[in-house]
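Visitor: my questions are about this predicted structure, shown below with the sequence.
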Amino acid sequence: MGYSTGLVCRVCGKRYEESPLYVCEDCFGPLEVTYDYEFLGRKFSPETISRGPNSMWRYWPLLPLQGEPKVGLEVGFTPLFHAKRLGDALGLKRLFIKNDAVNHPTLSFKDRVVAVSVSKAVEFGFDTVACASTGNLANSLAAQATAAGLRSLIFIPADIEEAKIVGTTVYGTEVVAVRGNYDQVNRLCSEVASQYPWAFVNINLRPYYSEGSKTFAFEIAEQLGWQCPDHIVIPVAGCSLLTKIWKGLTELEELGWIPKNKARLYAAQPSGCSPVATAVKNGWDTIKPVKPNTIAKSLAIGNPADGLFGLGAIRQSGGYAEDVSDREIIEGILLLAKTEGIFTETAGGVVVAATRKLVREGRIGKDDLTVLAITGNGLKTQDALVGATRRPSIIDPTLEDFVALEEQKERRQRKNVSLG
């Protein structure tokens with residue numbers, strides 16, 4: 001038996017019984033899951049939680065399942081570590097990285113939300129799961145639906161990275177590539193969802209799906225000794241991760257498991273698709289949709305579903321937003337790789353580059369405890385780095401050729417020193 005108490009409209013507050021419903025019948029506002037926090041606070045504590053499995057399921061009481069999870073038993077509890085060398089490069093003494101690039105099974109934070117939504121689809125009795133995706137969600141849903149024995153259909157923009165397409169089709173799922181951007185794909189999926197009795201994880205199961213993102217925040221707090229960082233820099237596409245990190249920290253404060261939710265949240269976006277950052281910088285109360293044009297395809301959502309709630313969380317936390325160019329994204333990927341040995345996808349490059357801007361602007365202080373959300377693995381977006389990394393030296397299989405190569409390198413280094 002789980003501890004969720006149903007659904008509530010995030011706009012008008014109308015309550016609903018638990019069902020595969022995602023919008024309010026009165027005001028068409030989005031729905032989210034509610035819990036009995038008073039009861040949870042009496043029954044559980046940080047000590048009992050910490051004795052749970054070494055995965056995201058240690059936080060099961062704060063997730064919307066009525067029974068045991070059906071898939072993703074190893075998802076979550078990814079590393080949080082002090083990134084000293086990257087911190088030195090950015091001018092930060094207490095910089096930490098939360099690294100979901102090593103998440104199981106498909107190397108992104110989407111494994112969290114899919115583990116919850118596929119388990120919920122099984123609880124509701126669905127035999128088919130589906131989604132609209134820019135790539136990472138497609139990979140994870142294909143893998144975990146297969147593990148659960150469910151049929152899966154995945155709709156993607158036709159121009160996403162080939163590695164992400166292969167990382168989806170390898171599981172035998174049905175993939176439909178749509179000639180259009182993510183917003184057009186998502187609109188099509190909403191129409192399909194009204195015609196077919198399928199569980200679209202980011203449409204009719206969205207209230208449950210998005211709850212999985214809270215575990216990212218729960219883990220940060222627990223791994224810091226049940227405290228809240230000063231700043232969290234988060235890649236933003238649809239704004240769901242950012243809003244659920246905020247909800248997760250707020251829940252921990254309400255339960256008394258952290259002293260105070262003091263984290264300032266920062267949205268990091270590519271300049272070629274930055275509707276949230278643009279709204280924050282201009283002080284707007286609405287999101288103006290844009291047509292994406294960026295190498296960061298996983299963040300290429302021009303009309304973010306949770307954009308308004310993201311604006312609210314950013315402002316409530318006292319945070320901000322930054323956007324970065326494609327060139328800065330590549331620089332961010334290379335900087336993280338060369339300092340910490342982590343190969344992140346383009347979304348991670350956005351986070352690193354945006355953090356550098358936030359530090360230069362004085363929004364993040366050198367002694368502040370700062371966490372960067374690295375949400376996906378660079379093996380999925382290698383195309384973005386073609387021509388940006390050093391090519392290998394080519395020699396014949398002789399010692400003489402290698403010695404000549406080393407001598408050439410030494411001469412070049414001496415020349416650079418003399419010019420300096």
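Guide: Looks like it arrived, so ask away.

Visitor: I'd like to know which elements the longest helix along the chain is packed against.
Guide: Secondary structure of the chain per DSSP state H: the longest helix is helix 399-419. Judged by 3 or more Cβ pairs under 8 Å, 6 or more residues apart in numbering; DSSP states H and E, helix 399-419 has no packing partners among the helices and strands. Just so you know, the C-beta spots here come from the backbone N, C-alpha and C atoms, and that holds for glycine as well.

Visitor: what's in contact with it?
Guide: Ser393, Ile395 (Cβ atoms under 8 Å, 6 or more residues apart in numbering).

Visitor: just give me how far it sits from the chain centre.
Guide: With Cα atoms, centre = their mean, to the nearest Å as the basis, helix 399-419 stands 43 Å off its chain's centre.

Visitor: next: stretch 379-389.
Guide: Centroid separation for stretch 379-389 versus its chain: 20 Å, with Cα atoms, centre = their mean.

Visitor: could you do stretch 166-181 as well?
Guide: Taking Cα atoms, centre = their mean, one finds the center of stretch 166-181 at 20 Å from the center of the full chain.

Visitor: just the buried positions in that stretch, please.
Guide: For stretch 166-181, burial by neighbour count (16 or more other Cβ atoms under 10 Å) applies to Gly167, Thr168, Tyr171, Thr173, Val175, Val178, Asn181.

Visitor: per-residue confidence averaged over that stretch?
Guide: Stretch 166-181 carries an average pLDDT of 97.

Visitor: span of that stretch from start to end?
Guide: Stretch 166-181 has its terminal residues 19 Å apart, counting by Cα to Cα, to the nearest Å.

Visitor: other residues contacting it?
Guide: 106, 135, 138-139, 141-143, 145-146, 151-158, 165, 184-185, 188, 291-292, 300, 302, 380.

Visitor: now list the buried members of those.
Guide: 106, 135, 138-139, 141-143, 145-146, 152-157, 165, 184-185, 292, 300, 302, 380.

Visitor: show me the residues you listed that map onto helices.
Guide: Under the assignment DSSP H, the buried ones among the contacts of stretch 166-181 contribute Ala138, Asn139, Leu141, Ala142, Ala143, Ala145, Thr146, Ile165, Gln184, Val185 to helices.

Visitor: so what's the spatially closest residue to Tyr3 that is not a sequence neighbour up against?
Guide: Once flanking residues are discounted, Tyr3 sits nearest to Pro61: 5.0 Å by Cβ to Cβ, 6 or more residues apart in numbering. By Cβ under 8 Å, 6+ apart, Pro61 lies in contact with Gly2, Tyr3, Leu40, Lys43, Phe44, Ile49.

Visitor: quick one: the first one from Gly67, how far?
Guide: Right, the one you point to is Gly2. Taking Cβ to Cβ, to the nearest Å as the measure, Gly2 and Gly67 are separated by 7 Å.

Visitor: between those two, which is the more surrounded one?
Guide: Each of Gly2 and Gly67 has its neighbours counted (other Cβ atoms under 10 Å); Gly2 has more, 17 against 10.

Visitor: check which helix or strand Tyr196 maps to.
Guide: Using DSSP states H and E, Tyr196 sits within no helix or strand.

Visitor: the stretch 251-400 of the chain: strands as residue ranges?
Guide: Ranges of strands in the stretch 251-400 of the chain, per DSSP state E, counting those that start in this stretch, are 264-270, 320-324, 370-374.

Visitor: out of these, which is closest to Val280?
Guide: Closest to Val280 of the strands of the stretch 251-400 of the chain is strand 320-324 (Cβ to Cβ; 3.9 Å).

Visitor: the closest one pairs with which strands?
Guide: strand 264-270 (parallel) (DSSP bridges).

Visitor: if we can go back for a sec, the contacts of Pro61, buried ones only, as a ChimeraX selection?
Guide: Selection of buried members from those for ChimeraX, criterion 16+ other Cβ under 10 Å:
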select :2,3,40,44,49
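
Visitor: for the contacts of Pro61, give me TSV that also has pLDDT, secondary structure and distance to Thr215.
Guide: Converted to TSV, those look like this (pLDDT from 0 to 100; DSSP: H, G, I helix; E, B strand; the rest coil; distance: Cβ to Cβ, whole Å):
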residue	pLDDT	secondary structure	distance to Thr215
Gly2	86	coil	15
Tyr3	94	coil	15
Leu40	96	helix	15
Lys43	96	helix	19
Phe44	97	coil	15
Ile49	97	helix	11
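
Visitor: show me where pLDDT drops low in the protein?
Guide: For the chain, the stretches with pLDDT under 70 are 1, 420.

Visitor: tell me the domain ranges of it?
Guide: If you go by automatic domain parsing, the domain ranges for the chain are 80-106+212-385, 392-420.
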